[in-house]
Structures are given as structure tokens and as C-alpha cells.
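Enquirer: Quick one, what's the 3D model for this:
(chains A and B)
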Amino acid sequence: MTWLMRRLTPGGFLWLMVNEIRLATRAARQRRGGNIIWGLLITVYTAMGFWLASNLAQIPIYPSALALNLVLAVAVLAMSFMTTQAMLRSQDTLYQSGDLDLLLTAPLSPRRVLLAKLCGIVANIMMVFAAFTLPIALPVALLGHPGLFGIPLVLLALAMLSACMGLAITLAIVRVASPRTARTIGQIVGAFLAAGVFLASQLLSQGPGRESAGRTLLDWLMRHDYGSQGPASLLGLAAFGHFAALVAVLGGALIAFLGAGALLGRVFLVSYQNAPTRLTRSRGKAKGGIARHFRQGLFATMLAKEARLLRRDPQLAFTIVLRLIYLLPIALPAFTHGRGPPLLPALAFFGILLAGQLAGSLAWLTVSAEDSPDLIAVAPVEKKAAGRAKLTAALLIAAPFALVLPLAVATVSPRAAIIMLAMTGASALAAGLVELNFQRPAPRKQFGRRREGSFLVGVLTFLMTGVLALLGGYLVWLSG
Amino acid sequence: MSDAALEIRGLSKSFDKKVVDDLDLRVAPGELYALLGPNGAGKTTTLRMAVGLTRPDAGAIRIFGVDALADPLAAKRLTAWLPDEPMLYDKLSPAEYLGFVAGLWRIAPAEAAPEAERLLKWLELWEQRDTPCEGFSRGMKQKVALAGALIHRPRLLILDEPLTGLDANMARAVKDALRAAVEAGAGVVVTTHILEVAERLADRIGIIAHGKLLAEGTLADLRAQAGSDALTLEDAFIRLTSAPQ
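Expert: Model (predicted):
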């Protein structure tokens, strides 16, 4: 990329675009980590693609009604994820990127900057979806089905449309909410979208017919035959390499892309100029004394600080809740009447696992994600004592949530509730101790994107809480 | 002889190369000592070792007679550290931050709250006491951090570039705070790139380069060591640091 940039006119659109793509690829590489593992996975996946392609080489693949509807269904699902990703990326661009001050004080039009940023968002989306799609699609296209070279182009068009929609949603949120709250709201909306699609797919797969969300959508499209006629068929035809359809899809995406740049450029600039820098988050005029902020002893001080930090960062709290939402499908089989495991042991398993994960997340935040580690380090406090105080704070914050299920179970079976309580405590404590003893420190703000730290520690926490949850479920089952 | 506020003997530290090399330093109680040096001279590493953030390879550090390596907690009770990047929590207000710092140093609320109020008023932060620090300017953040450093009434204050990025009023407030601490008998060590500050503020100045103390003393001493009584501190600094080692 740097090589390419050296050959482009500095400050020109292409130069800016390549710079954005370079930043997006580097950020993805940094986020992903473990290049060797990823390289191996992609290699294996591509080998599978070639194996599949060699088997399909002699079989004609043509745009049947089923195939066209299938492409449309996949495109709709993919776009829901792409738009969520685009929203999150555009919020990063508006509120977290450190380069906008530089770009907007340079002699460049905001529209050009916005378009370049949109290209970065497209690159970011493409990298994720291309990794899933192209190792299969390209070998099949290469070995006898050249029409399928349309797939990467359709993917590009979808990414461009999603980037426009994601940015438009972000800017709309900025207009409706204040610029400062827009980031939090946007991330929560984006997360809800992703979690909603995920949960819907899981609930459907638990339903009477046990269909997947994709299958349900496909059935619906087939019934109405949306995918094989009218403008909606263009996507499928383009994916199969139909030239006119490709031109229409890519042309439409390009027009939307350039239109978004032109229409949203001004809104983007105004929203950026209105983004707060100083003293915008005053909670009204200060009044009263300050004695209420002072606590006796290390533990009370730590608890007050951690509770305040968590309360004031709804995005962070929501990220933790979101991770727990992704665990919900584990509990769903318990509610499939007659077909799943017994309800109480399943609830015990789920509650104990959930408590462990919640406590682990909070322990990571309090123990490892310390914004001012040097302040703690220079304080006359033993490292172990500070760690213990932080861990206790995490467990106390987690307790009201972790106790909901055991208390609910107590109304049905006090014996099961006592077992759940004991195992919930053990699970939370085990997760917290793992974080306390093995986790790597990282800045708190990184938790918003992903839980930084050792992958192995995450696996260890999950395994330990899983084993305790299994044991708890078994004991509840034994208790009758 | 009474205990020094800070006494460093034979301090050494290497990372990929020698950063601090057999350094000796003594700061008396009631003295403001300015540590000057070019970029990469080893100033920050020296101070980080003094406050217990970096472990020295060799040497001894005593703070008011307390061996900081053998009994770090006792040494930390006496010390405050103010780095160039303030150690703050964006989501906490100044009052909450001071409450947290006071808790870390185990200052009783009855003692800490009035002191916090005094500091916030003195540093002109009282009106913003309940506003989260995240929207503050750099100068205001630095003042909050300074209040945090002072709330436990340290006997040794160690500050790394405390005036960087501050406007004249805020810089004045910080300098007043340092002078007040010195007059109250505390030892103060500052690093600064602003030589005028060292010239006006410091009782003694140390010049460090390549991890070694090249010269030390009052401004007159440094001029003499640089070879001319007519030199400014800037001239003396350049002459001393550019001399072949």
C-alpha cells in the first residue's frame, strides 16, 4: 500500500483512499492477531474451496429460481451484518479516529475526506466477508464457472451500499441525539442489530420446525419469488456473471456511494464540528460539599471507583451484556417442551455459567483494564491487596445480576437454589481468580471492541466456569 | 546530617542499552531540584525508579531515610509522582478522583475532604469539581493530577515535565504549588525542558546526559562548571551537554 501511495498524487482522492484502505488492513491485522493461525485457516479453507470446485467443475451451475432466491437471501442477511459493521466503523471514524483533525485542517474538501473514509469502511467490510466467501467462490469460478467471478463484485457493491447506510444511520443518530451520546447509542443499536439477528436465528432454530433464519427467509422469498424476477433478481444474476446485471448492480452501488459522499459530506462536517471537545458533559452546576466522595479504607474506595466507572460507561456495560446475550442459546433447549434437558438442572447450568462469565468480564475490567496503573503502582498499597479489593468490587457488582436465577429457582426448589447459589459463587470466584492471576493488563477502552488479553485465559475461564456449571447442573439434577 | 528527601546512590538501569549509569543524586528537604537533560538522557527513567515504577539494575534509593527498594510501601507513603501524562480517570470528576487517591493513601475522609476542598479552590477547580475529567483541557487535567499528588501531603514530590502544555495562569498555579510545598519542607524534584523555569524556580539544578550526572549545583555553580560566569542557563546547558563524554 505504501508503495502504491508513493506513486499517487499526494492529497488526491486515490491517495487518500489507499491510505484509508492501508489503515483498515493494518487495524484488521492488529485486531486479528495470530497471522500464522489465520493464514493456515485461510489456506485450509481455500484448499476446501479447490476440492469443492474440482467436484463441481463438470456440473453446470446456472441461475435457477432457487439459486437466485438463495443469492438474495444471503445478500439480505449479509447486508444486515455489513450495515452493523459499517455503523460501528463510521462511529470510529467520527469519534475515535485521531486523524480527522489533521484531514479537515488540510486543504482538502470534506466530501473528499468523507469518500475516502467510506472507502476505508468498505475495505474493512470486504476483508471480513471476502475471507468467508472468496476462498470457496473463486476456486469454483476458476474451475469451469467463470460467471461466478461476479460474486466478489456483488460483494463489493453490497459493502458499498452498507457503508452508505451505516454512515447515514450514524449521522441520523447524531442529529437526533447529541453528538456525544450518538456514539454510545449507535454502538448499542449496532450491537442490538447484530445480537437481534443472532438471537432470531437461534430462536428459529429452536422452533417447532427447527429451521434456520436463512432457511426461513429463503422459503419466504421462494414463496413470493422475489429473487428471480424484477429488480431484486439483478443481485443473483450479477453474482452469476450476467453482464448487464453486474453493470446495474455496481453502477447503482457507485451512484449511491458518490451520492452519499455528496449528500452526507456537509452533514458529516457539521456533525464533526459539533462533536464535543471540552466541558460538554457537565452534570449541571456543582453544588454541595465533597465529603461524600471520600471513603474509609482501600476496599470501599476501590468499590466506589469501579462502580462509578462502570455506571458512567453504558457502552462498556452493554458490551458485557451483549456477550451474555450470545450465551442465551445455551439456555434455549431447556424451554423446548419435552424435547430438551430437565428445566431446573439446565437453568442451574446456565445460571452458573452466566455468573462466571459476568464475574470474569467485570474482573477483567477492574483488575486488568486499569486506566491509571501507575497511580496504583505508586500508591502505598500492596499489589495483592489492590487486586483483592478490585476482585471483591467486581464480584459485588456482579452479585445482583448473578443472584436473579438462583432466587427465582428458590421459589420452586429451595434445595436447588442453595446448590445454585454455592456453585454460582464458586464459578464467579474461579473466573475472577483466573483473571486476577493470569490476565494481561490492557487499557479499559479496548474492552469496547473486544476483550483484550490472552486468548488462553479466556478459554481457561470458559472451561472452568463450564465445568462448575456442569457440576452444578448435575447436583441440582441429583437433588431431584 | 538529617535524612535527604531523596538520595540516590550508584543507580543504573539498562534496557537495550544503558539508560541510567551509576547515578548519584541528593535532594534535601525544603529544596526544589530541577533535573535537566536532552531527550533520552535518562531523566524519566531515573524518576520512575525513584517512585518504584521501574526496578533498577543496581544502586540504592532512600526517601527520607527509608530504603525505597527494601520497603517500597513506606517510601511510597511519603512520595507523590506526577508524570507528564496525568494519571486520571476520564469518567471520574475531580472530587471523586481526589476521593479515590485519598483512599489509596489511606487518608481518613475527615482529613482528606477539607484538604481536597482547599486544593480544588486553590487550583480554581472548585466549580468543576463534579464534572468528569474527560472534557477537560490538558492544563485542567494537569491541575487535577497535581491536586491528587498533593492531597496526601507528600514529603517528596517528583514531577516529570509538569509545565508542558500549560497556559501562563496554569503554569503559575503549578509553580506556586511547588514553591508552597518546598516552603512546607517537602523535597521537590522536577524535570523540565523549559530552562527558564529551572533557572527561576530551582534551588539546585542537575544536568544529566547518557544516564550520567554531568553537572550539579546552583546556576552560578553550573556557569562556573561550563567555564564562564556570563553564560545563561541555556548556554551552560548546551555547552555541558554537547561536550565530548
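Enquirer: In chain B, which residue sits closest to chain A?
Expert: When distances are taken as C-beta to the nearest C-beta, chain B reaches nearest to chain A at residue B:103, 2.5 Å away. From N, CA and C alone the C-beta is placed, and that goes for glycine too.
Enquirer: Return the set of buried residues in stretch A:6-26.
Expert: Buried residues in stretch A:6-26, defined by neighbour count with 16 or more other C-beta atoms under 10 Å in any protein chain shown: A:13, A:15, A:16, A:17, A:18, A:19, A:20, A:21, A:22, A:23, A:24.
Enquirer: got the phi/psi numbers for the fifth one?
Expert: Meaning residue A:18. The phi and psi torsions at residue A:18 (degrees, to the nearest 10) take the values phi -60, psi -40.
Enquirer: Looks like it contacts residue A:4 (just checking).
Expert: Yes - under the contact definition of C-beta atoms under 8 Å, residue A:18 touches residue A:4, with a separation of 5.4 Å.
Enquirer: How far away from the center of its chain is the one helix or strand residue B:239 maps to?
Expert: Secondary structure from DSSP states H and E places residue B:239 in helix B:233-242. Helix B:233-242 sits 22 Å away from the centroid of its parent chain (C-alpha atoms, centre = their mean, to the nearest Å).
Enquirer: CA-only coordinates of it, as PDB, when you get a sec.
Expert: The C-alpha coordinates for helix B:233-242 follow below in PDB (Å, rounded to 0.1, in the frame of the first residue of the first chain):
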ATOM      1  CA  LEU B 233      21.500  28.500  31.800                       C
ATOM      2  CA  GLU B 234      20.700  27.700  28.200                       C
ATOM      3  CA  ASP B 235      24.300  28.400  27.100                       C
ATOM      4  CA  ALA B 236      25.700  26.500  30.100                       C
ATOM      5  CA  PHE B 237      23.300  23.600  29.300                       C
ATOM      6  CA  ILE B 238      24.300  23.400  25.700                       C
ATOM      7  CA  ARG B 239      28.000  23.700  26.500                       C
ATOM      8  CA  LEU B 240      27.800  21.000  29.200                       C
ATOM      9  CA  THR B 241      25.700  18.500  27.200                       C
ATOM     10  CA  SER B 242      27.500  18.900  24.000                       C
END
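Enquirer: which residues are contacting that helix?
Expert: Where contact means C-beta atoms under 8 Å, 6 or more residues apart in numbering or on different chains, the residues beyond helix B:233-242 that reach it are B:36-38, B:41, B:195-196, B:198-199, B:205, B:207, B:209, B:214-215, B:219, B:222-223, B:225-228, B:231.
Enquirer: Could you list the buried residues of that helix?
Expert: Burial within helix B:233-242, assessed by neighbour count using 16+ other C-beta under 10 Å, is assigned to B:233, B:236, B:237, B:239, B:240, B:241.
Enquirer: Next secondary structure after the longest helix anywhere in chain B?
Expert: Using DSSP state H to assign secondary structure, the helix with the most residues in chain B is helix B:168-183. Note on helix B:168-183: by DSSP H and E, the next helix or strand toward the C-terminus is strand B:187-191.
Enquirer: which helices and strands does the helix or strand that that next one is followed by pack with?
Expert: Elements were assigned by DSSP H and E; along the chain past strand B:187-191, the next helix or strand is helix B:195-201. Contacts of helix B:195-201 with other secondary structure elements, assessed using 3 or more C-beta pairs under 8 Å, 6 or more residues apart in numbering or on different chains; DSSP states H and E, are made with strand B:32-36, helix B:168-183, strand B:187-191, helix B:233-242.
Enquirer: Quick one: the ones you listed as a markdown table, columns for mean pLDDT and distance to residue A:474 too.
Expert: Below are these laid out as a markdown table (pLDDT from 0 to 100; distance: least, C-beta to C-beta, whole Å):
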| stretch | mean pLDDT | distance to residue A:474 |
| --- | --- | --- |
| strand B:32-36 | 93 | 64 |
| helix B:168-183 | 87 | 63 |
| strand B:187-191 | 94 | 61 |
| helix B:233-242 | 78 | 72 |
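Enquirer: Dump those into TSV; add distance to residue B:123 as well.
Expert: Shown next, in TSV, are the helices and strands packed on helix B:195-201 (distance: least, C-beta to C-beta, whole Å):
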stretch	distance to residue B:123
strand B:32-36	19
helix B:168-183	6
strand B:187-191	17
helix B:233-242	28
